[in-house]
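Student: no sequence on this one, just coordinates:
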């Protein structure tokens, strides 16, 4: 991952970590369930945004380079992406 992208991903993850700690504290303090859920969903959305950032950079670097080639290298890149999105947790 390029240095600038790594820095941005780590910055966003640090922010998410802070939000997640706040969600945990809300649960510990028995805050209103809807408020906890709203914060939890915000953390999940932020994580998806980090995933999108990482995927974008992967597609524009590793995958693009792999697809320029032929044979096993391009097949491997395609297979990796298909397996990633074929997982049951998606």
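Tutor: Received the coordinates, thanks. Bear in mind the structure is a predicted one, so any value in this text is a computation, not a measurement.

Student: list the contacts of residue 73.
Tutor: With contact set as Cβ atoms under 8 Å, 6 or more residues apart in numbering, residue 73 has these partners: residue 66. For the C-beta atoms, the positions are set from N, CA and C on the backbone; glycine is no exception.

Student: hmm, who's touching stretch 61-72?
Tutor: 2, 73, 74, 76, 77, 78, 81.

Student: at 10 Å instead, please
Tutor: Outside stretch 61-72, the residues that touch it by Cβ atoms under 10 Å, 6 or more residues apart in numbering are 1-2, 5, 55, 57-59, 73-81.

Student: only the buried subset of these, as a PyMOL command please.
Tutor: The buried residues among these can be selected in PyMOL (16 or more other Cβ atoms under 10 Å) with this line:
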select buried, resi 5+57+58+77
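
Student: could you tell me which of the contacts of stretch 61-72 belong to helices?
Tutor: Counting by DSSP state H, these place 5, 55, 57-58, 73-81 in helices.

Student: export these to JSON lines and append columns for pLDDT and distance to residue 46.
Tutor: Shown next, in JSON lines, are these (pLDDT from 0 to 100; distance: Cβ to Cβ, whole Å):
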{"residue": "5", "pLDDT": "84", "distance to residue 46": "16"}
{"residue": "55", "pLDDT": "91", "distance to residue 46": "15"}
{"residue": "57", "pLDDT": "89", "distance to residue 46": "17"}
{"residue": "58", "pLDDT": "88", "distance to residue 46": "19"}
{"residue": "73", "pLDDT": "81", "distance to residue 46": "33"}
{"residue": "74", "pLDDT": "81", "distance to residue 46": "33"}
{"residue": "75", "pLDDT": "82", "distance to residue 46": "33"}
{"residue": "76", "pLDDT": "84", "distance to residue 46": "30"}
{"residue": "77", "pLDDT": "83", "distance to residue 46": "27"}
{"residue": "78", "pLDDT": "84", "distance to residue 46": "29"}
{"residue": "79", "pLDDT": "87", "distance to residue 46": "29"}
{"residue": "80", "pLDDT": "88", "distance to residue 46": "24"}
{"residue": "81", "pLDDT": "86", "distance to residue 46": "23"}
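
Student: nice, that's everything, thank you.
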